[in-house]
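Participant: Sequence and predicted structure below; questions after.
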Amino acid sequence: MSEFTTASGFLNVGDGHHLYWEDWGNPDGTPVMYLHGGPGASFQDDQKALFDPTAHRVLFFDQRGSGRSTPFASTENNTTAHLIGDIEKLLGHFGLDSVHVAGGSWGSALSLLYAIEYPERVRSLLIWSVYLVREFENRWVNEGFPRYQFPGEWERFISLVPEEHRVDGSSIMRFYAEKMRSDDEDEAARFAFEWTLWEMTLVSIQYDPAKLEAELREDRSMLSIALLETHYFTQGCFVPENHILDRIETLRHIPCQVVQGRFDMCTPAVSAYDLSRVYGDNLDLQWVNSGHLRTDPALFAALRQATARLG
């Protein structure tokens, strides 16, 4: 059996940021760069279950401001361009010329954006719960289009927003962002919690509201998710509208596996479809009866099959 190892550490990427990383699996295995969601989440140990430690060498890291990276929840020097640059620095640190790139949700967008800038570094893409950094996708969540499935949950979220701040998704998001940055710690914590609760309500087909709320109250990443998502989304993730689809010609030679839940209430399934229409024959789109969350059974099973094809 191939050797299975784990190493970990911090990489100084400049601007006062130090990224926590783990080098996991077979040192001689197929190299994979894993990009977590958010922005502002972190990688979790259970994400390793997607891969075979005897066949894959997977680089996991917490993006700027996220998880164990420092400074925690910082938005300073934290843009999409910085994150793309950090991936390059990590590959250089590990002496890798090219990798397979895998990520879901925000990680899917960052995977595509990295591949647009450094196509020669990307052997293939594996993405799921597709997010293309379009205004429509942000409006979907922040203007509450899923309220028809979650009416009570939406009412709880929007009840904190005065009528004059409900003009559109951007105004709602800006109001929440301002309150999260309040000098009143209790107010800031309340708005960060409600922001994250609404989003997390939309991610799993196995929705358990009481369990979700209890878990979020114990989750340290809640603050970084709320602060960094509003930091990124109010700025269009620091890329032009429709940037990914407009630059797709750069990517068409790269094999791309896409797995999308038909019942995803967080990143609507039309984004995966739109990507497949413009990408061409080098993209394989698999539909599964799941929600947004990687741990939904059908999505997890399809992703395990997809990672087995990396090589």
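Facilitator: On my side now, so go ahead.
Participant: ok now do the nearest residue to residue 124 once chain neighbours are set aside, which residues does it touch?
Facilitator: Nearest residue to residue 124 in three dimensions, chain neighbours excluded: residue 255, at 4.3 Å (Cβ to Cβ, 6 or more residues apart in numbering). Yep, even glycine has a C-beta here, placed from its N, CA and C like the rest. With contact taken as Cβ atoms under 8 Å, 6 or more residues apart in numbering, residue 255 is in contact with 123-125, 282-284.
Participant: can you pick the most crowded of those residues?
Facilitator: residue 125 (23 neighbours; other Cβ atoms under 10 Å).
Participant: Mean confidence (pLDDT) on the helix or strand in which that one is found, please.
Facilitator: Assessed by DSSP states H and E, residue 125 sits inside strand 122-130. Mean per-residue pLDDT for strand 122-130: 98.
Participant: what's it packed up against?
Facilitator: For strand 122-130, the packing partners by 3 or more Cβ pairs under 8 Å, 6 or more residues apart in numbering; DSSP states H and E come out as strand 99-105, helix 106-117, strand 256-261, helix 270-279, helix 297-308.
Participant: so which of these comes closest to residue 206?
Facilitator: Using Cβ to Cβ as the measure, helix 297-308 is the one of the helices and strands packed on strand 122-130 that comes nearest residue 206, at 8.4 Å.
Participant: which other helices and strands contact that closest one?
Facilitator: strand 122-130, strand 256-261, strand 283-288.
Participant: Next one: the residue nearest the centre of the chain relative to residue 5, how far apart?
Facilitator: Nearest to the mean C-alpha position of the chain, by Cα atoms, centre = their mean, lies residue 37 at 2.0 Å. Using Cβ to Cβ, to the nearest Å, we find residue 37 at a distance of 26 Å from residue 5.
Participant: give me the number of residues near residue 288?
Facilitator: Every residue meeting other Cβ under 10 Å relative to residue 288 is counted, giving 20.
Participant: Skipping adjacent residues, who's closest to it in space?
Facilitator: Using Cβ to Cβ, 6+ apart, the nearest residue to residue 288 is residue 298, at 4.2 Å.
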